[in-house]
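> Got a predicted structure here, sequence first:
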Amino acid sequence: MAPPQNLVLGIESSCDDTGCAILDARGAVLASKVSSQLASHRPYGGVVPEIASREHLRNWPAVSQEALATAGCTLHDVGAVAATRGPGLTGSLLVGLSVGRAIAWGLDRPFYGMHHLEGHVYSPFLREEGPADPVPEQLTALVVSGGHTSMLDVSGSAITSMAETRDDAFGEAFDKVGKRLGLAYPQGPKVDLLAERGDASRLRFNVRGRDELFFSYSGLKTQAVRALEALEAAGTVPAHAVWDDLDAVPAAVCDLAASFRDAAVRQILDRLGRLAARKPLGTLAVSGGAAANRLLRRRLATWAEQRQIPLRLVPLVFSGDNAAMIAFAALRRIANGDPGNGPDDTTVHSRIPFAHA
Ligand code: KG4
Ligand code: ZN
């Protein structure tokens, strides 16, 4: 079989996942491998930047070889290389970006330094099998992850931020509340699981705020912690318990998780409602690791259907950080005639804000 042509090699190493993906020119994902570092960070309850950089270095050879083998190609078949240049952890970014630059220059191929959110924004159009779906000209993008809660206006390749979080990100709040509830890292998916078993009407957390579009999760986090303290003081749940076995978690903690999740999701829908009242929304494209949240997916589906707003929820395999989304965003740049970054324009940036509306 002849090797596939015009392939893009994507690299994502902005935080604690080492990702390598290979896409063809139609955006079909021929391979997307992600090596998780969860076991290395778990003893510390969160990501340790120095450990993350070292793990990226250690994991890259195996992850890239697996991706090439799955795609059935060699590096020589790769037509362009893309890596995340930020935002993220500087040491982690440097590993992926340096590897990507070295491959591109060694092969004499163009190199694309990508914005991490640019990757998430278009990821709802990737498919697990086959070519990516066409991306509409106008999108309203919602990115919910451990680092971001962003509402973005996307017009072609121009991305403008309309609202960010003022404090904690959506996923970060889940992680922090989950940690206090006694769950192991990463806590977000576990809080979601417990919430499925709980009764959200037991506690009512406030999310309204004033009329602005921005998000804020630290107040909600504090409300959840106070509620837990009250349950502990009343002896309803053991104080400062640690739950390795999720089946053993008491009903009162599940109810608290459900109430917290309900309020967190209500805030998202509240802000989307405010935005929709101000301007017509394009296709709503929802992405990011926390876009895996079950309640968020259900509520968004209903919300969008009621308003007849086209909705794209990122496929679960591409919701967390991955390199397929980085390669896909690079494909869009290539299609727009972007020649790639020159050798002097390939530094990493821990923070790269988008333009604000
Ligand atoms: O996009 P991602 O992999 O990394 C960042 O760029 O942050 O997102 C990871 C975040 C973590 O905060 C994790 O706890 C959260 O997404 N997350 C969830 C769920 N699955 C992952 N939060 C709430 N519910 C979930 N089901
Ligand atoms: Zn991310």
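On my side now, so go ahead. Ligands and ions are numbered 1, 2, ... in the order given.

> and the stretch 1-150 of the chain, which of its residues are near ligand 2?
Residues of the stretch 1-150 of the chain lying close to ligand 2 by Cβ under 5 Å from the ion are Ser145. In this view, the C-beta of every residue, glycine as well, is placed from N, C-alpha and C.

> which residue does the stretch 1-150 of the chain bring closest to ligand 2?
Ser145 (4.3 Å; Cβ to the ion).

> give the contact list for the nearest residue to that residue once chain neighbours are set aside.
Counting by Cβ to Cβ, 6 or more residues apart in numbering, Gly288 is the residue found nearest to Ser145 once chain neighbours are left out, at 3.6 Å. Applying Cβ atoms under 8 Å, 6 or more residues apart in numbering to Gly288 gives the contacts 120, 142-145, 148, 171, 314, 319.

> how much space between Gly288 and ligand 1?
5 Å (Cβ to the nearest ligand atom, to the nearest Å).

> That residue and Met114, how far apart?
Per Cβ to Cβ, to the nearest Å, Gly288 is found 15 Å from Met114.

> Return the distance of the residue of the stretch 201-350 of the chain found nearest ligand 1 relative to Ser155.
Proximity of the stretch 201-350 of the chain to ligand 1 (Cβ to the nearest ligand atom) peaks at Gly289, 2.0 Å away. In this view, Gly289 and Ser155 are 25 Å apart by Cβ to Cβ.

> Quick check on these two: which one has the bigger neighbour count.
Set Gly289 next to Ser155 and count neighbours by other Cβ atoms under 10 Å: Gly289 wins out with 27 against 11.

> what's the longest helix along the chain packed up against?
Secondary structure of the chain per DSSP state H: the longest helix is helix 251-278. On a contact count with 3 or more Cβ pairs under 8 Å, 6 or more residues apart in numbering; DSSP states H and E, helix 251-278 meets strand 138-144, strand 149-155, strand 158-163, helix 170-181, helix 187-197, helix 218-233, helix 294-307.

> now those in a markdown table, with mean pLDDT?
Shown next, in a markdown table, are the helices and strands packed on helix 251-278 (pLDDT from 0 to 100):
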| stretch | mean pLDDT |
| --- | --- |
| strand 138-144 | 97 |
| strand 149-155 | 96 |
| strand 158-163 | 94 |
| helix 170-181 | 97 |
| helix 187-197 | 98 |
| helix 218-233 | 97 |
| helix 294-307 | 98 |
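
> which stretch among the ones you listed comes nearest Pro280?
Proximity to Pro280 (Cβ to Cβ) singles out strand 138-144 among these, at 8.9 Å.

> ok, is the closest one in contact with ligand 1 or not?
No - against ligand 1, strand 138-144 shows no contacts by Cβ under 6 Å from any ligand atom, the least distance being 7.4 Å.

> Tell me the buried residues in that strand?
Using 16 or more other Cβ atoms under 10 Å as the test for burial, strand 138-144 gives 139-144.

> What pairs with that strand, parallel or antiparallel?
With DSSP bridges as the test, strand 138-144 is paired with strand 149-155 (antiparallel), strand 283-287 (parallel).

> Any chance you could list what contacts it?
In contact with strand 138-144 (Cβ under 8 Å, 6+ apart) are residues 117, 120-121, 149-155, 159, 169-171, 268, 272, 275, 281-291, 293, 296.

> Any of these buried? List them.
117, 120-121, 149-154, 159, 169-171, 268, 272, 275, 281-291, 293, 296.

> If you rank every helix and strand of the protein by mean pLDDT, what lands last?
One helix or strand of the chain scores below all others by mean pLDDT, DSSP states H and E: strand 355-356, with a mean of 64.

> Flag the shaky bits of the stretch 1-150 of the chain, pLDDT-wise.
Applying pLDDT under 70 to the stretch 1-150 of the chain picks out residues 1-5.

> can you pull out the strands in it?
Taking DSSP state E, counting those that start in this stretch, the strands of the stretch 1-150 of the chain run over residues 7-12, 17-23, 29-36, 78-86, 111-115, 138-144, 149-155.

> And Thr149, how far from Ser218?
12 Å.

> Now do the contacts for the closest residue to Arg261 other than its chain neighbours.
Excluding its sequence neighbours, the residue lying closest to Arg261 (Cβ to Cβ, 6+ apart) is Ala195, at 4.1 Å. The contact partners of Ala195, taken as Cβ under 8 Å, 6+ apart, are 254, 257-258, 260-262, 295.

> can you redo these as a markdown table with neighbour count and distance to ligand 1?
Listed next are the contacts of Ala195 as a markdown table, based on neighbours: other Cβ atoms under 10 Å; distance: Cβ to the nearest ligand atom, whole Å:
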| residue | neighbour count | distance to ligand 1 |
| --- | --- | --- |
| Cys254 | 22 | 14 |
| Ala257 | 29 | 10 |
| Ala258 | 23 | 12 |
| Phe260 | 30 | 10 |
| Arg261 | 27 | 7 |
| Asp262 | 21 | 12 |
| Leu295 | 18 | 8 |
